[in-house]
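*Asks:* I would like to see how this sequence folds:
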Amino acid sequence: MKEYLQRIGLLALVGISLLLLPMNTAGAETPPSTTQYKITVDLDYDAGTVAALETVSYRNVTGVALSSIVFNVTPAYYRAFTLRGATVDGQTVQPMLDGVVMEVPLTTPLAPGATTRVALDFRLQVPSPGTLRFGKSGGILALGNWYPVISPFRADRGDWDRHRYTNFGDAFFTEVADYEVSLNVNRPVRVAHTGTPDKTGASQWTFSAKGVRDFALALSDRYESKSATIDGIEVTAFYLPQHAAGGELYLRTAVETVRWANRVLGTYPYPYLFVAETTSNDPAGVGQEYPNVVFISSQMTATGGGMGSYLSYLVAHEVLHQWFYGLVGDDQVYEPWVDESLVVNLSYEFFRANYPDLYPGMWQRLVDGERAGVNAYGDRNVDTSIYDYSNEDHYFVVVYRKGAIFLNELRKIMGDDAYFGLLKEFASRFSYRIATGAQFLDLAEARSSADLRPLIARYFSYPKYRGAADYDLPNGRFYTQTSGRSAGTGAKGFAVVNDADAPMWTEFQRLGGVAGLGYPVSRRFKWDGFTSQAMQKGVLQWQPQSGRAYLVNVFDEMSKKGMDGWLEAFRQVPQIADWSADAGRNWPDVVQAHRTLLEVNPAIKARYSSVADPVKLFGLPMSFGDMGNNYTLRAQRVVIQQWKVDVPWAAAGDVTVANGGDIAKEAGLLPLDALMPEEAP
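*Replies:* So this is what the prediction gives:
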């Protein structure tokens with residue numbers, strides 16, 4: 001170790017004041033952001049309380065007028081967040097907080113290109129022990145995902161992202177912004193942070209950061225540190241005194257990883273990188289990436305070890321997230337493989353390049369772990385969301401390990417030069433932007449001399465790589481998946497289009513597209529005089545007077561037609577409960593009353609709540625019943641069932657969704673001629 005320390009010019013600094021490091025001039029200049037956060041923080045380190053005033057300047061680049069701005073408030077999940085007041089351009093407003101989704105109404109519609117200023121006065125009680133990301137334990141206070149952050153606007157849906165938080169995976173989705181954070185602590189501590197310190201005092205700092213997706217802090221009055229410079233970037237390890245060996249491995253691994261990644265992926269464009277020890281009471285919560293700073297759990301730090309140990313892998317993994325998640329953003333909720341699979345693969349590539357003797361054994365353990373996990377939990381496509389899993393180990397097996405194995409196969413087909421050229425171009429092209437999995441695969445296909453479709457089809461469900469099961473039309477898209485033939489074969493299917501009668505394609509996308517509504521199962525038809533089209537998850541109906549399409553309450557309609565007996569006998573769906581009391585309630589109270597049905601079964605509640613707006617997609621819960629071999633929640637548009645025993649389509653304990661559109665089709669509610677697949681336009 002001494003030889004290594006001398007080679008990189010290590011400087012050990014131990015104390016209780018903030019480590020001040022020179023600015024780095026390496027890396028490309030960050031582009032101007034459309035959102036600026038200014039946060040003033042008063043932190044009582046001993047009590048774990050935060051008083052904050054957050055002001056956000058937001059410029060509307062969505063292309064549509066906005067009536068509200070949606071924030072994601074992760075600390076609300078831990079009941080650690082209290083909003084004391086909010087203003088928009090100086091006028092008091094009343095935001096609505098639903099779980100972690102906070103909608104701030106605007107005083108006047110915000111036109112495209114216009115700017116507004118939102119101020120939020122809030123308090124935090126940091127949980128103890130809390131989590132690796134957000135908690136206070138062992139003499140360390142971690143502030144990750146601790147403040148309201150503006151959600152991305154989903155142009156494909158015409159709405160803000162409204163994802164629900166789940167306690168595994170990384171349930172975060174953010175765009176780059178500029179930050180100025182003023183921190184005042186009640187006593188001296190050391191701080192690992194996002195950004196650069198503009199001003200310091202005994203316990204006061206102002207940090208600025210440009211072009212970052214988040215802002216995080218880790219603080220302790222017990223931290224010791226070691227630092228080094230690599231390619232003009234100051235890398236610093238913060239750790240507890242009893243974990244000095246782990247802290248030294250932090251620094252060695254981080255420095256070597258940055259050196260390698262700068263060459264392979266492009267230069268890290270920020271002046272600082274911190275690796276900070278935080279505490280976790282979750283065995284799975286061992287590391288977390290944030291811009292310019294990564295958190296590593298105390299229990300992993302205590303294990304120490306040399307290069308090739310799990311701690312060294314973990315540090316390399318989290319540091320490489322600075323490129324994929326940090327620079328190149330992705331939807332970590334619905335497409336987590338875009339950063340996690342790449343980073344797992346790159347972590348092993350780092351060891352293959354720098355420690356070739358260690359790599360074979362490390363890689364074989366990953367392959368063996370993936371095989372064992374698939375045998376234990378079942379196989380799935382890599383392009384799955386965090387909501388597709390009820391078991392965190394299963395999620396890791398597929399998104400982390402299987403995704404990394406795909407990329408390893410891709411590298412072997414393309415060759416090292418082409419593969420690493422692909423990664424470098426992907427990083428360059430999508431830095432400071434949001435990238436999709438399809439964009440990565442399209443770029444791989446464009447750069448490869450081999451046909452990648454068979455490989456991609458083995459690992460992913462993207463229709464483009466499965467025999468052109470659906471494809472664009474000038475005014476919409478044509479789908480063959482529900483034509484009754486194998487997807488992609490034959491010319492018949494169902495088109496979802498915009499025309500003079502209804503902009504059904506636009507509305508289909510606004511309501512979530514295939515991910516939200518499934519594939520079309522009918523042509524257009526008239527239902528109660530309105531232009532309608534059935535999708536797997538519901539029946540879409542165009543309402544010209546409101547200029548929107550809505551989902552038909554299929555199960556309410558079946559009840560009106562006297563089909564409750566059929567539903568109970570053939571689909572194990574309970575009768576609707578008595579909701580006559582709804583007539584005297586306002587809408588929020590109606591929703592609350594119906595949601596009490598969810599408290600009976602936590603698994604069904606989790607599935608109902610897993611979508612951004614369950615009332616919009618699933619309708620109100622209407623009844624709950626023990627149907628013998630399953631528990632069933634009947635909602636207005638879907639049926640959600642948890643199975644007590646193994647059945648051909650689900651294992652005991654699994655939760656499945658019976659789609660409203662498919663059941664309406666089965667029950668004979670839809671015109672027969674509308675169900676006949678049509679020739680492609």
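*Asks:* C-alpha only now, for contacts and for neighbours.
*Replies:* Noted.
*Asks:* buried ones in stretch 352-372, by neighbour count?
*Replies:* Within stretch 352-372, the residues that qualify as buried are 352, 359, 362, 363, 366, 367, 369, 370, 371, counting by 16 or more other Cα atoms under 10 Å.
*Asks:* got any ranges where this protein has weak pLDDT?
*Replies:* Judged by pLDDT under 70, the chain has its weakly predicted residues at 1-30, 199-200, 463-464, 466-468, 484-491, 647-648, 680-681.
*Asks:* report the longest helix in it, please.
*Replies:* Looking across the chain with DSSP state H, the single longest helix is helix 244-264.
*Asks:* can you report how many residues lie near residue 668?
*Replies:* 9 (other Cα atoms under 10 Å).
*Asks:* contacts only, for the nearest residue to residue 336 once chain neighbours are set aside.
*Replies:* With sequence-adjacent residues excluded and distances taken as Cα to Cα, 6 or more residues apart in numbering, residue 336 is closest to residue 385, at 6.6 Å. Residues counted as contacts of residue 385 (Cα atoms under 8 Å, 6 or more residues apart in numbering) are 333, 334, 335, 336.
*Asks:* out of those, flag the one nearest to residue 566.
*Replies:* Closest approach between the contacts of residue 385 and residue 566, by Cα to Cα: residue 334, at 35.7 Å.
*Asks:* what's near enough to touch that closest one?
*Replies:* Contact partners of residue 334, counting by Cα under 8 Å, 6+ apart, are 384, 385, 386, 387.
*Asks:* out of these, grab the one that's most surrounded.
*Replies:* Of all the contacts of residue 334, residue 386 has the most neighbours under the rule other Cα under 10 Å, reaching 25 neighbours.
*Asks:* how far away is residue 522 from residue 483?
*Replies:* Distance, residue 522 to residue 483, using Cα to Cα, to the nearest Å: 9 Å.
*Asks:* now do the shared contacts for those two.
*Replies:* Residues touching both residue 522 and residue 483 (Cα under 8 Å, 6+ apart) are 494, 677.
*Asks:* which one of these two has more residues nearby?
*Replies:* Neighbours per residue (other Cα under 10 Å) separate residue 522 from residue 483, with residue 522 holding more: 30 against 22.
*Asks:* correct me, but the more buried one touches residue 678?
*Replies:* No. Residue 522 lies out of contact with residue 678 (Cα atoms under 8 Å); the separation is 9.1 Å.
*Asks:* okay, and the common contacts of these two?
*Replies:* Residues touching both residue 522 and residue 678 (Cα under 8 Å, 6+ apart) are residue 494.
*Asks:* returning to that earlier point: tell me which of the contacts of residue 385 fall in strands.
*Replies:* The strands, defined by DSSP state E, take in nothing from those.
*Asks:* out of those, who's nearest residue 240?
*Replies:* residue 336 (31.7 Å).
*Asks:* distance check, the closest one against residue 168.
*Replies:* 12 Å.
*Asks:* same check on residue 657?
*Replies:* For residue 657 relative to residue 168 (Cα to Cα), the value is 22 Å.
*Asks:* residue 671 too?
*Replies:* Residue 671 sits at a distance of 43 Å from residue 168 (criterion: Cα to Cα).
*Asks:* check residue 583 too.
*Replies:* Distance of residue 583 to residue 168, given as Cα to Cα: 40 Å.
*Asks:* the two: who's more crowded?
*Replies:* More neighbours surround residue 168 than the other of residue 583 and residue 168, with 17 against 9 (other Cα under 10 Å).
*Asks:* for that one, what are its contacts?
*Replies:* Residue 168 sits next to 386, 392 when contact means Cα under 8 Å, 6+ apart.
*Asks:* burial of residue 193, as a residue count?
*Replies:* Neighbourhood size, residue 193 [other Cα under 10 Å]: 25.
*Asks:* for residue 605, same thing?
*Replies:* 17.
*Asks:* what is the helix or strand hosting residue 318 packed up against?
*Replies:* Secondary structure from DSSP states H and E places residue 318 in helix 310-320. When contacts are defined as 3 or more Cα pairs under 8 Å, 6 or more residues apart in numbering; DSSP states H and E, helix 310-320 packs onto helix 244-264, strand 287-290, strand 293-297, helix 298-303, helix 337-354.
*Asks:* just put the ones you listed in TSV and tack on distance to residue 591.
*Replies:* Below are the helices and strands packed on helix 310-320 laid out as TSV (distance: least, Cα to Cα, whole Å):
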stretch	distance to residue 591
helix 244-264	49
strand 287-290	36
strand 293-297	39
helix 298-303	43
helix 337-354	35
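*Asks:* deepest in the core, which of these is it.
*Replies:* strand 293-297 (a mean of 27; mean count of other Cα atoms under 10 Å).
*Asks:* that one pairs with which strands?
*Replies:* The pairing partners recorded for strand 293-297 under DSSP bridges are strand 272-278 (parallel), strand 287-290 (antiparallel).
*Asks:* export those strands to CSV and tack on distance to residue 404?
*Replies:* Shown next, in CSV, are these (distance: least, Cα to Cα, whole Å):
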stretch, distance to residue 404
strand 272-278, 24
strand 287-290, 18
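*Asks:* show me the contacts of residue 334 that map onto strands.
*Replies:* Per DSSP E, the contacts of residue 334 never map to strands.
*Asks:* between those, which sits nearest residue 162?
*Replies:* residue 387 (13.5 Å).
*Asks:* how about the closest one: what's its closest non-neighbour residue?
*Replies:* Spatial nearest neighbour of residue 387, chain neighbours left out: residue 610 (6.3 Å); criterion: Cα to Cα, 6+ apart.
*Asks:* correct me, but the one you found touches residue 164?
*Replies:* Yes. Counting by Cα under 8 Å, residue 610 touches residue 164, with 6.2 Å between them.
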